[in-house]
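Q: Model the structure of this input:
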Amino acid sequence: MTSASQATRFSILDRSRTRRGQSHPEALRETVEFARLAESWGYHRFWVSEHHSVPGVAGSAPTVLAAAIAAATDHIRIGTGGVMLPNHQPLVVAEQFGTLEALFPGRIDMGLGRSVGFTDGVRRALGHGRDDADDFDAQLTELLDYFTRGRNGVHAWPAEGLRVPAYLLATGSGAERAARFGLPLVIAAASGEEAMVEAITNYRNGFRVTEWGAAPYVIVSASVVIADTTEAAHRLLLPEAWSAAYSRTRGEFPPLRSPEDIEREPMTDRQRRLFEESLRGHIHGPESIVLPALDRLIAHTGADEVLVHTSTYDREARLNSHRRLAEAVWARPSVTV
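A: Alright, predicted model coming up:
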């Protein structure tokens with residue numbers, strides 16, 4: 001009998017996380033190599049993200065990085081999770097994705113979000129104050145128009161007439177917006193699984209067929225770590241949890257540190273609480289634990305696809321986790337990858 005995880009596509013989101021003592025250029029080169037491995041393991045997509053002025057994240061220019069990854073791979077779909085539309089003019093975003101699609105036809109995904117800079121200084125550097133829903137709707141409409149008919153006599157060559165699938169990252173009212181625009185939905189369980197399921201249900205119920213989508217499509221983003229034991233997998237989660245707690249108390253998201261460093265680091269009560277909160281909600285352990293947990297997640301959400309993201313200090317352990325996940329779920333006769 002085919003399990004839920006065997007009948008579901010699996011993809012990867014990579015933020016080009018840096019490790020203590022590692023340069024940002026090294027992290028970007030690792031991302032390109034990671035994508036080549038992900039393709040060889042059979043993953044459906046490989047997406048990169050957009051973060052600005054973050055010491056622990058090298059991924060700041062996702063369309064540029066996507067181009068390098070597409071050039072280094074052969075068939076895996078490449079995209080963004082996502083380009084933060086408020087940071088850019090829609091015309092430029094359309095031109096960039098049109099160029100990618102022209103060079104790598106049939107392989108490019110346009111994942112879009114509405115988040116802005118991590119700090120006030122970054123937001124000012126990006127020229128912000130545009131973050132209300134009405135403005136984002138207008139930006140999104142303008143961007144999509146450039147792929148079909150242009151806007152006010154302006155044409156986003158070579159994008160116009162090309163088919164670049166658009167995906168909307170759900171933050172706030174993102175699920176409702178994805179339904180209204182007829183776009184696939186990318187959603188994480190950050191606000192709790194029940195809230196995520198409610199948002200997905202509302203998305204499916206409110207979905208409108210448009211030229212961008214004929215039916216609802218849900219990608220659930222999940223943190224997944226596979227190791228020989230649950231304890232070993234839990235230990236691999238410590239570096240990202242510490243970075244998250246540090247960012248919420250120091251205002252800066254730092255490079256990943258080793259579990260040994262973290263265990264020696266004194267924490268305030270608040271840092272300890274945030275650290276422990278950040279360790280929750282991950283799917284981790286050996287395959288015998290991870291696969292049933294993924295089956296439950298897929299069954300509960302009806303996910304069409306799972307977008308896996310994993311951050312840890314040990315590079316080889318992270319790659320091994322993704323390889324083992326692929327090997328565990330890849331007997332999927334109902335899915336074409």
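Q: list the contacts for Ala222?
A: Ala188, Ala189, Ile283, Leu294, Leu297, Val306, Leu307, Val308, His309 (C-beta atoms under 8 Å, 6 or more residues apart in numbering). Where you see a C-beta, it was placed from the backbone N, CA and C, and this is true even at glycine.
Q: show me where pLDDT drops low in the stretch 1-150 of the chain?
A: Across the stretch 1-150 of the chain, the ranges flagged by pLDDT under 70 are 1-6, 117-118, 129-134.
Q: now with 50?
A: 1-2, 130-133 (pLDDT under 50).
Q: just to revisit the earlier point, for the contacts of Ala222, give me TSV that also has neighbour count.
A: Shown next, in TSV, are those (neighbours: other C-beta atoms under 10 Å):
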residue	neighbour count
Ala188	18
Ala189	18
Ile283	22
Leu294	26
Leu297	21
Val306	26
Leu307	25
Val308	23
His309	19
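Q: what's the closest of those to Ala61?
A: His309 (18.9 Å; C-beta to C-beta).
Q: For the stretch 101-250 of the chain, just list every one of the strands.
A: 108-113, 166-169, 185-188, 218-226 (DSSP state E, counting those that start in this stretch).
Q: can you put the ones you listed in CSV and add distance to Thr249?
A: Shown next, in CSV, are the strands of the stretch 101-250 of the chain (distance: least, C-beta to C-beta, whole Å):
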stretch, distance to Thr249
strand 108-113, 25
strand 166-169, 26
strand 185-188, 22
strand 218-226, 21
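Q: Out of those, which is closest to Ala27?
A: Nearest of the strands of the stretch 101-250 of the chain (C-beta to C-beta): strand 218-226, 18.7 Å.
Q: For that closest one, give the mean pLDDT please.
A: The predicted model assigns strand 218-226 a mean pLDDT of 96.
Q: which element is Val93 on?
A: According to DSSP states H and E, Val93 maps onto helix 90-103.
Q: Please identify the buried residues of that helix?
A: Within helix 90-103, the residues that count as buried by 16 or more other C-beta atoms under 10 Å are Pro90, Leu91, Val93, Ala94, Glu95, Gln96, Phe97, Gly98, Thr99, Leu100, Glu101.
Q: What residue, apart from its backbone neighbours, is nearest the fifth one spatially?
A: Closest residue to Glu95 apart from its sequence neighbours, by C-beta to C-beta, 6 or more residues apart in numbering: Ala156 at 5.0 Å.
Q: how about the CA coordinates for the helix holding Val93, as CSV?
A: Taking C-alpha atoms only, helix 90-103 is exported to CSV below (Å, rounded to 0.1, in the frame of the first residue of the first chain):
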residue,chain,number,x,y,z
PRO,A,90,7.2,44.5,-10.3
LEU,A,91,8.7,45.3,-13.8
VAL,A,92,12.2,44.3,-12.7
VAL,A,93,10.9,41.1,-11.0
ALA,A,94,9.1,40.1,-14.2
GLU,A,95,12.2,40.8,-16.3
GLN,A,96,14.4,38.7,-14.0
PHE,A,97,12.1,35.7,-14.0
GLY,A,98,11.5,36.1,-17.7
THR,A,99,15.2,36.0,-18.3
LEU,A,100,15.5,32.9,-16.1
GLU,A,101,12.7,31.1,-18.0
ALA,A,102,14.1,32.1,-21.4
LEU,A,103,17.5,30.6,-20.4
